[in-house]
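Participant: my questions concern the predicted model and sequence given below.
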Number of protein chains: 2
Amino acid sequence: MAGLHTLREGNDEPGLKTNLDVDYVIHYKIPIADAEAAEAEAAFVQLIQALGDVGFATEVRNGWKSSLLVFVKIASEKLLNNQVYRYRVQDWLYGVRTAAPNQDLAKYFQDEPVTEAERLRLAYLLITKPKNEGGAGITPKIGQWKHVASVFPLHDHEFNRQWIKQWSTKYYLDDSDINQIRDRFGERVAFYFAFLQSYFAFLLFPAAFGFGAWLVLGQFSWFYAIVNCLWSVVFFEHWKMKEVDLAVRWGVRGVSKIQHPRPQFKFEREAQDPVTGEIIKVYSPLKRLARQLLQIPFALACITVLGGLILGCFSIEIFITEVYNGPFKQYLTFLPTILLTVFMPTFSTLLTRLAERLTDIENYETHDAHQASFVQKIFVLNFITSYLGIFLTAFVYVPFGKLLVPYLDVFQLTAQKFTPEGKALPTKSWEINPDRLTKQIIYFTVTAQVVNFATEVIVPYVKRKVTKTVENVTSEKNAAGIRDVDEEHSFLKRVRDEAELDEYDVTVDYREMVIQFGYLSLFSVVWPLTACSFLINNWVEARSDAMKIAISSQRPIPWRADSIGPWLNALGFLSWLGSITSAAVVFLFKDKSGPDGSPRNITGWALLLSILFAEHLYLLVQIVVRGVIHKLDSPGLQKERAERFRMRKQLLEQTFGQDISDESHGPGQTGGEKITRETLEEEARQLSIKGGVTQEQQFWLRQRGAGETIQVGRTLISQIAAANQTKTAKK
Amino acid sequence: MAGLHTLREGNDEPGLKTNLDVDYVIHYKIPIADAEAAEAEAAFVQLIQALGDVGFATEVRNGWKSSLLVFVKIASEKLLNNQVYRYRVQDWLYGVRTAAPNQDLAKYFQDEPVTEAERLRLAYLLITKPKNEGGAGITPKIGQWKHVASVFPLHDHEFNRQWIKQWSTKYYLDDSDINQIRDRFGERVAFYFAFLQSYFAFLLFPAAFGFGAWLVLGQFSWFYAIVNCLWSVVFFEHWKMKEVDLAVRWGVRGVSKIQHPRPQFKFEREAQDPVTGEIIKVYSPLKRLARQLLQIPFALACITVLGGLILGCFSIEIFITEVYNGPFKQYLTFLPTILLTVFMPTFSTLLTRLAERLTDIENYETHDAHQASFVQKIFVLNFITSYLGIFLTAFVYVPFGKLLVPYLDVFQLTAQKFTPEGKALPTKSWEINPDRLTKQIIYFTVTAQVVNFATEVIVPYVKRKVTKTVENVTSEKNAAGIRDVDEEHSFLKRVRDEAELDEYDVTVDYREMVIQFGYLSLFSVVWPLTACSFLINNWVEARSDAMKIAISSQRPIPWRADSIGPWLNALGFLSWLGSITSAAVVFLFKDKSGPDGSPRNITGWALLLSILFAEHLYLLVQIVVRGVIHKLDSPGLQKERAERFRMRKQLLEQTFGQDISDESHGPGQTGGEKITRETLEEEARQLSIKGGVTQEQQFWLRQRGAGETIQVGRTLISQIAAANQTKTAKK
């Protein structure tokens, strides 16, 4: 398989050396049932015809386990160039490109060559967009094309090998590394790595400062909280600028305006656009709004289910570790962890599926709107699973523990049943454990990150390795026992491997980073070393994500993007919330715990005042930082400015070239014309010929030309001056 | 003079009937000192020459009191059209216009005629812009042109008469009324009236609701506070959309990007722009920042001076009315009012001048930046003068009065000196007056508005009427005793009048409205009838502002604008602050006053919690309202969309016209080409001629064309299906 070994010995396997000019592979599954197979055959014929009609060359080979592999490439250079030109003109019309493409095509493609990402993107669009827009209309897994399991480009293994090798021997990734990603995997993936790298670089400061704070200030320091908060504002605002900068440099600023319609969109009726007169597909926005409102019960459901689980386990845990002192204590201690480990992923998966379903129901017209809505939902979900436990410890358990623990009697009663009758259940005297919060934070920021890495990279790799070995035994010769041509065997084997891989989903990686940022922003005041842990983790993360793309996923379709999209709002929200939680945590825990560990002297107004103060400080700093960053120049913006300037100059020269050269003899650049005595006398003559001088003409002919005006004016001035002199003399 | 009578009898006076084609009048003052008069004469010659060089026709006449009137018009239609075309192209390049101007000029100017406002704006630019940019470089009151008192267009009295007549007989101004303003006085002024009208329309709701609340809920109602807050969010967000809508409909969206340089800008050095290579004038941004920081001491100075004055008068007032009971009480009661009336305007004027000076020192490159900075300062100033007194009453006097009044002893000691020795000063027992706040609000929202109207409109009118009568007697014949030509006399008399008028400053009017909105947002919960008073006031305000422009000001230069500019931020700030103050006021005053009138049982945490709650409710609602409004369509945006669509379609047709017609026979719109057996065989033949088939070519030649792929695919499918059947059979 195209696994880790390809990175080491890649060059030895002939199948990895070349992609044989294949643009896309269509993985076509043949169902087992006979009737369905016939249907699949008919659809297959349509598939090849549709592809051929649009201009693709096709080859078909057999795949693993009752499937076909259809290889596809854009047949002629002319078709590709036509597509490139068309989409570049569209970009220009949408303001994504500053300059219109040159009409001289040969020269144009020499000046701005087609990158691999561009070629692949356009080929994918050509395969998937509807027939009436000139595409083949092939939509994987949907409707007529339900047997199309996936449409994917082939990995460039030589590049992947270099890439992983380079990155794993480098401390710091620079712009050229990100640009490489962009040229291969498109801006959407590149934006993730750019964000990750920017975040990594920014983590250096809180890691160093946090380490210092840990040594000098200790936990729950006001100073650390404020610095951390300021840092998060600066990071957030900086990224917003960086994002624009990158988008400009990559020539994709504004591409989010060019929306790709979702094939799954169901319209209620067709109507004429009142503005453009085109026929558009309409879905009632009110209906959508009604369905969007389902997000509220969804959020409540999340809170209830996940919150209930967390709360339950939490209560059990407190009861067992800090109250209960009876038999089986050593085993029962693991009960809450087991419960959480079993139920949390189950519930999460169920709720994620529910979120997907809800988003489908909302029936968006475009991919971006759909994605944004889905991201919003999984953010809510992850917010609860990730932070609710800590919130409970910090803001319920510690301040109100004393009041709430008696309610844990319900467990005591349950436990009582398991102890011999008449004998009282042995309990410890109840104490609030102030270290609980710190332990929890350390768990989430260190242990969980490591576990995450394992589940994300190692487990799937091992799992696939194992299943693959089994499969290799069973289906070495494919279901139908068809043998490959010898010289193609190695290539086809590798393509079959890639066909089995998952699609790469950048959303998952974003989610992980955003949630991580949340720990730093919301709770790092509890344990200032948080950023150090994240710094190390993210160095590994960048490499492991690269490996994930190179080894465990199909090559992603190189979509464009001009920002990290809906995650930006999530970041902003966490950064803002951080100002509040940090203030509250510091206020509740700093110097407030008495000898029994419980906080004392908590005055409501002081807590609220510190929150109010922190939040408004945050908002104020945000305005200032925004103002300052807004004034800074960035390479991307400079580039844009230069391009616009060049274009304007060029256009103005084209338009006014004539005038400007005329004016070089004249007075100014405006093409003003000198009013001479002659022209005016000519005018007067003309008027007298026509006869009947109007009031206006009379007024403007009294002084003929600037010379006369000056003459009259000087006379007037001397008269006025004389009068003034007389007056002053009189006084 | 061009006073009120022109509105009634306008048609009878011949001088008001026509502007004699005059574009601008330059009011040129001749100084009295002999030496200066000579200098002024020299500058006058340069003035006329500069105007003539650029292409203006000029006429000179004598003005009132030792001054000249230079009449100016654009001499030729060609020059005007050239200018119009040039600026429209500039607009297009900056994205203000969607479509590039048509090259066929005659047709173009027929399709999009030049409005009066456009003509006047371009003429003004031609007069004032620097010589190296093709203008005459005449900058009133500055440097070489210090004798140029003003450059102003002439009023269209016939239009003004109609305008005022129409507006004063109309209940409600509609879009066409605002459009009329736009065509005459430019978008800047039109935006003010559009804002005023929009605000007026929005006031209907709080006026009705406030009246109801006043009847049913009384003062300090939670419900009123929340509704009022929501209303202010909706109004603010609606205006933001309306602003964009108007800008699009007026074709000025984005004009704020086209900056006009300030002639007063002093550059430190010239440098080459790294991007464009142009020579640009540079002023160190750090130096500017250092000077901008002076705003902080400025704000502190405002607070100290104005706050001290208000606080002092406030203390004296409280002492005299509520503590002091000695002799002269009836006279002393007026003391604070007198002090405020005398010192407040004085200090305000001084501080405004200081603000002007500070803004000058900050040395901005463009008019807009200068104006924004100045507006920011006067907003701070007006915020203090307008609201500080009320803040003191609401948040200091009432809650802390009991604690603070003993400090008023200092007055008691002073007063003691004036009473016979040995005799104790008679004092009343101290009581907090809970009606004070209400009285203050009523004063500011009713009395002050009326007083304001009087000082703004009536006083200047009467003043000018009086001075005019005196002047008419002394200078009927002008300083130098020069008599006008008979047929021009009436016209010149009127121009002389207009030359003496003030320039119209829209900032003053905006300030008034924004501050008024502040009362509504911040304190109307104290007196729910506030909006009723404002509704009436603003009906009058729109008319009186119209009168101010028509009668008491020079005709404004028709600048463009795409928003109400820096006032938008001020509105947003007041709207946000309103959520906080309303919550605090309600909490402090609602059902909290005991029989002695002082609030009781104020718990800090509850107060802070209500503030926190109100503010976050506000922010949440803002997000929701923004989201909803964002989704709404507006006529302006529809227009823009239609224009863009038309342009895109046109351009695409131009570019792809050939292709599209080709494709009508082909399979799709993409110019895809059918892969036929023939072409492929031809390809194979060619390859065999060249010899040496590569691995890639071999792969793609195995199945020649879609037909073969289909054939091979069907064979594979049937093989797979057969194998599957066998497998299922075996099981």
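Facilitator: Thanks, I have it.
Participant: OK, contacts around the spatially most central residue of chain A?
Facilitator: The residue lying closest to the centre of chain A (Cα atoms, centre = their mean) is residue A:564, at 2.3 Å. If a contact means Cβ atoms under 8 Å, 6 or more residues apart in numbering or on different chains, then residue A:564 has A:191-192, A:195, A:239, A:243, A:510 as its contacts. (Glycine included, C-beta is placed from N, CA and C.)
Participant: most surrounded residue in those?
Facilitator: Of all the contacts of residue A:564, the highest neighbour tally under other Cβ atoms under 10 Å in any protein chain shown goes to residue A:191, namely 27 neighbours.
Participant: where do the strands sit along the stretch 151-300 of chain A?
Facilitator: Using DSSP state E, counting those that start in this stretch, the strands assigned to the stretch 151-300 of chain A run over residues A:269-272, A:279-282.
Participant: comparing the ones you listed, which stretch has the densest surroundings?
Facilitator: Mean neighbour count (mean count of other Cβ atoms under 10 Å in any protein chain shown) peaks for strand A:279-282 among the strands of the stretch 151-300 of chain A, with a mean of 13.
Participant: for burial, what's the neighbour tally of the closest residue to residue A:160 other than its chain neighbours?
Facilitator: Using Cβ to Cβ, 6 or more residues apart in numbering or on different chains and skipping the chain neighbours, the partner closest in space to residue A:160 is residue A:550 (4.0 Å). When neighbours are counted by other Cβ under 10 Å, residue A:550 registers 23.
Participant: residue A:550 against residue A:162, yeah?
Facilitator: No. Using Cβ atoms under 8 Å, residue A:550 is not in contact with residue A:162; the gap is 10.3 Å.
Participant: before we move on, back to that, using TSV, please lay out the strands of the stretch 151-300 of chain A together with mean pLDDT and distance to chain B.
Facilitator: Written out in TSV, the entries for these read as follows (pLDDT from 0 to 100; distance: least, Cβ to the nearest Cβ, whole Å):
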stretch	mean pLDDT	distance to chain B
strand A:269-272	82	13
strand A:279-282	82	12
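Participant: quick one: closest of these to residue A:115.
Facilitator: With Cβ to Cβ as the measure, strand A:279-282 is the member of those nearest residue A:115 (32.9 Å).
Participant: packing partners of that closest one?
Facilitator: For strand A:279-282, the packing partners by 3 or more Cβ pairs under 8 Å, 6 or more residues apart in numbering or on different chains; DSSP states H and E come out as strand A:269-272.
Participant: so which elements touch the strand it packs on?
Facilitator: If you count contacts as 3+ Cβ pairs under 8 Å, 6+ apart, strand A:269-272 packs onto strand A:279-282.
Participant: list the contacts of the strand it packs on.
Facilitator: When contacts are taken as Cβ under 8 Å, 6+ apart, the neighbours of strand A:279-282 outside the stretch itself are A:265, A:267-273, A:365.
Participant: got CSV for those residues, with distance to residue B:324 too?
Facilitator: Written out in CSV, the entries for these read as follows (distance: Cβ to Cβ, whole Å):
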residue, distance to residue B:324
A:265, 77
A:267, 78
A:268, 76
A:269, 78
A:270, 81
A:271, 76
A:272, 78
A:273, 75
A:365, 74
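Participant: check the residues you listed and tell me the two furthest apart.
Facilitator: A:265 and A:272 (18.3 Å).
Participant: now stretch A:326-340: average pLDDT?
Facilitator: Averaging pLDDT along stretch A:326-340 yields 80.
Participant: go through that stretch and flag the buried ones.
Facilitator: Neighbour-count burial for stretch A:326-340 flags A:326, A:332, A:336, A:340 (criterion: 16 or more other Cβ atoms under 10 Å in any protein chain shown).
Participant: looking at these, which is nearest chain B?
Facilitator: The nearest member of these to chain B, counting by Cβ to the nearest Cβ, is residue A:340 at 31.5 Å.
Participant: do I have it right that that closest one meets residue A:306?
Facilitator: No. Counting by Cβ under 8 Å, residue A:340 does not reach residue A:306; the two are 10.3 Å apart.
Participant: looking at the buried residues of stretch A:326-340, which are in helices?
Facilitator: A:332, A:336, A:340 (DSSP state H).
Participant: TSV for these, including distance to chain B?
Facilitator: Below are those laid out as TSV (distance: Cβ to the nearest Cβ, whole Å):
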residue	distance to chain B
A:332	40
A:336	33
A:340	31
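Participant: how about low-confidence regions in chain A?
Facilitator: The model of chain A has pLDDT under 70 over residues A:1-12, A:103, A:275-276, A:405, A:408-432, A:471-481, A:591-602, A:652, A:654-692, A:730-731.
Participant: before we move on, back to that, would CSV of the buried residues of stretch A:326-340 with distance to residue A:83 be doable?
Facilitator: Written out in CSV, the entries for the buried residues of stretch A:326-340 read as follows (distance: Cβ to Cβ, whole Å):
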residue, distance to residue A:83
A:326, 74
A:332, 66
A:336, 58
A:340, 52
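Participant: nearest to residue A:85, out of these: which one, please.
Facilitator: residue A:340 (56.5 Å).
Participant: since we're on the residue of the stretch 101-250 of chain A found nearest chain B, how many residues are nearby?
Facilitator: Residue nearest to chain B within the stretch 101-250 of chain A: residue A:134 (3.7 Å; Cβ to the nearest Cβ). Burial of residue A:134, expressed as a neighbour count using other Cβ under 10 Å, amounts to 22.
Participant: between the strands of the stretch 151-300 of chain A, which one is closest to residue B:77.
Facilitator: Put simply, out of the strands of the stretch 151-300 of chain A the one that sits nearest residue B:77 is strand A:269-272, at 42.9 Å, with distance taken as Cβ to Cβ.
Participant: name the strands paired with that closest one and say parallel or antiparallel.
Facilitator: Strand A:269-272 has the following sheet partners, assigned by DSSP bridges: strand A:279-282 (antiparallel).
Participant: then the partner strand to CSV, C-alphas only?
Facilitator: What follows is strand A:279-282 as a C-alpha-only set of coordinates in CSV (Å, rounded to 0.1, in the frame of the first residue of the first chain):
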residue,chain,number,x,y,z
ILE,A,279,-34.3,31.4,-14.1
ILE,A,280,-33.2,30.6,-10.6
LYS,A,281,-34.0,27.9,-8.2
VAL,A,282,-35.8,29.1,-5.1
